[in-house]
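Participant: Just the structure for this:
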Amino acid sequence: MHPIVKLTTATLLAAPVLVGVAAARRALPAGLNVSGRVHTGQVRLLVDLTYRADGQSISDQQIFDAVEQLIDRAERFLVLDMFLFNADYSQPAGTYPALAQRLTDALLAKRADAPNVAIVLITDPMNTFYGSTPQPHFEALRTAGVQVMETNLEPLRDSHPLYSSFYRTYLRHLPELPGVLPNPLAPSAPKVSLGSYLRLLNFKANHRKVAINEYEAVVSSANPHDASAPNNNLGFWGTGPVLADLVASEAAVYRLSGGDPAVFERFASWLALDSETGEDAAAAGSAQVQLVTETGIRDAALKMLAGAGCGDRVLLGMFYLSERSIISALKGAAARGAQVQVILDQNIDAFGRRKTGLPGKPVAAELVKAEVEVRWYETHGEQFHPKYLAVFTPGQCQILAGSGNFTRRNVSGFNLETSLRVQVPESSPLAEEFAAMWQVIWTNDAGAPALFTVDYAVHPASTGLRGVLQNFAYRAQEASGVSTF
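Facilitator: Okay, the predicted model is just below:
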C-alpha cells in the first residue's frame, strides 16, 4: 500500500477515536447534573394506575388532570418540558386516548383566553423523528403563538460512543436527503430521511416530563403521548422555593437549544414562591423537597439506599432498572436486613410491539437470588412506567420520583432527566397515601377483585444457556449504550 494511502487511512480511522474520547470527557452544559438545595414546600402525590378487574381494564389517571389545572391557573407564564408529545404509534388510529390532542387543546385554550401568558414548550426531536416530519400539534401551537423548541442534543455526552464518534466525525456532515424510509414510530406516517435515522442511532434524549407556572409545578414520569396514555405513572405536584430550581434547570435546556436567556430570567422574577393555590394546596402537606437531575438522580438514590438497614423498608417501582451501582445498593440494603420490595415492568410491551424482556428479566432474577422480593406489574399492552424509590425509616419517609429510569443512560449524565426527592414524616398524609398505594398494588387488595401485580415466579427469567445469553446481552447493552434502555 502506498505510504500516502496508509497515512490517509490511519488518519481517517484515528479521527473518530480522538473525537470520541473528547466527547466522552466533556462536561454537561452549565445548569445540568443538579443536586439542588433542600427546600420546604407543599407536595401532593399524583398516581396513574391501570389494572384489571372483572376481566376489564380500568384506568385511574391523575397526572394530566393536574397538568391541565396548572395550565388553567397560570397568570404570567407556562413552561412544559415533555419527552414524547405526539399521536404516533403502530396500531390502528383510535386505539389509544387522544392525550396529545387533549394537552394541545388545553394550551390553545389558554392562549386564546389569556394571550399575555408566555408559553414555552420544550420537547425532544424524537417527536418530529429528528426533523423529518412536521408534528401537527406543534404546528398548531406555533401558529397560536406558543414557542415550541426542540432540544439541541448535540452538546450532551454520547451514550453510544462507538457509533457517535463516527457520527460526529463524518456522518453528521452528510447532506440531508429526501424522506424515503419508513417511520419506525408510525409506519403509516410520511417517509423519513436517512439523516434522521443516523441522528436516532446516537441514543440520546431530553427525557424530562415537567410543567411549571409561577405558582406550582408537576414533575412526573408521564408523557403526553397517545400510546402512553394507559401507562402506570407517578409524580408530584408541588409549590414553594423548589420552583426557582426547576425554572433554572429548564433555563439551562432552553439556552443549550438556542433560546434567549432573558426569557427565563423574566420567568424567575415572576415566581410566587410562598403561594398556596387552589384545591391542590389544601390537599397537600408540608415536605422537604430537593430537585435532582441527570447524575443527581443516581446520587440521591444511592444515598437513600446507603442509609437503609435492619427494620427499614425499601420500595422501588421502575420501568427500566439496569444501572449497576443502584442494583448493588439494593442488594446491599437487603443484606443489611432492610425489607426490599421491587415492582418491575417485564419490558415486553412497547406500544403494540413485542420486546425482549431486557433489562427487566435478568435484573429481576439477580435481585431474587439476593433475597430481594420482586413482583411484576401485570400489564396488558400498557407499561408499568413509573420511576420511584421510597425508603421508610423509623419516623421518616423519603420518595424519589420523576422521569429518570435507573439506567446508565438515564442517570449517568447522558439523557436530560428531572426528578424530585421528597422527605416527610412517616405519619404524614403523603407517606401514608404512598404506603397505601404500594400495599394495594403489592397485595392486589383494592377492596374488590383487582389484579395489579403477580409474583416473580409467574413470569421468571430464562434459565440455562438462554438465561446466560440474556444476562450477557443486558450487561453488554448497558455498558456500551447500544440499547433502547
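
Participant: What count of nearby residues applies to Arg336?
Facilitator: Using other C-beta atoms under 10 Å, the number of residues around Arg336 comes to 16. Yep, even glycine has a C-beta here, placed from its N, CA and C like the rest.

Participant: That one and Gly307 touch, don't they?
Facilitator: No: counting by C-beta atoms under 8 Å, Gly307 is not a contact partner of Arg336; they are 10.0 Å apart.

Participant: where do the helices sit along the stretch 201-350 of the chain?
Facilitator: 242-256, 261-269, 278-283, 295-306, 324-335 (DSSP state H, counting those that start in this stretch).

Participant: so can I have CSV of those showing mean pLDDT and mean neighbour count?
Facilitator: Shown next, in CSV, are the helices of the stretch 201-350 of the chain (pLDDT from 0 to 100; neighbours: other C-beta atoms under 10 Å):
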stretch, mean pLDDT, mean neighbour count
helix 242-256, 98, 22
helix 261-269, 98, 14
helix 278-283, 52, 14
helix 295-306, 98, 21
helix 324-335, 98, 19
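
Participant: Quick one: closest of those helices to Ala118.
Facilitator: Closest to Ala118 of the helices of the stretch 201-350 of the chain, according to C-beta to C-beta: helix 261-269, at 7.3 Å.

Participant: now that closest one, how far from the centre of its chain.
Facilitator: For helix 261-269, the separation from the chain centroid amounts to 25 Å (computed by C-alpha atoms, centre = their mean, to the nearest Å).

Participant: What is the longest strand of this protein by residue count?
Facilitator: strand 35-53 (DSSP state E).

Participant: So what angle separates the directions of that one and helix 242-256?
Facilitator: Angle, strand 35-53 to helix 242-256, by axes from the mean of the first three to the mean of the last three C-alpha atoms, to 10 degrees: 100 degrees.

Participant: In the sheet, which strands lie alongside the following helix or strand past strand 35-53, parallel or antiparallel?
Facilitator: Using DSSP states H and E, the helix or strand that follows strand 35-53 in sequence is strand 56-60. Neighbouring strands of strand 56-60 in its sheet, by DSSP bridges, are strand 35-53 (antiparallel).

Participant: in the strand it pairs with, what's buried?
Facilitator: Buried residues in strand 35-53, defined by neighbour count with 16 or more other C-beta atoms under 10 Å: 35-36, 39, 41-52.

Participant: by contact count, what packs against the strand or helix carrying Asp72?
Facilitator: Taking DSSP H and E as the definition, Asp72 sits inside helix 63-73. Here helix 63-73 touches strand 35-53, strand 77-82, helix 99-113, strand 209-213, strand 217-220, strand 233-238, helix 278-283, going by 3 or more C-beta pairs under 8 Å, 6 or more residues apart in numbering; DSSP states H and E.

Participant: avg pLDDT for the shortest one?
Facilitator: The one in question is strand 217-220. Taken as a whole, strand 217-220 has an average pLDDT of 98.

Participant: Please apply the same query to the first one.
Facilitator: Computed over strand 35-53, the mean pLDDT rounds to 97.

Participant: ok, back up a step: now the helices of the stretch 201-350 of the chain in TSV, with distance to Asn223?
Facilitator: Shown next, in TSV, are the helices of the stretch 201-350 of the chain (distance: least, C-beta to C-beta, whole Å):
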stretch	distance to Asn223
helix 242-256	16
helix 261-269	23
helix 278-283	21
helix 295-306	18
helix 324-335	23
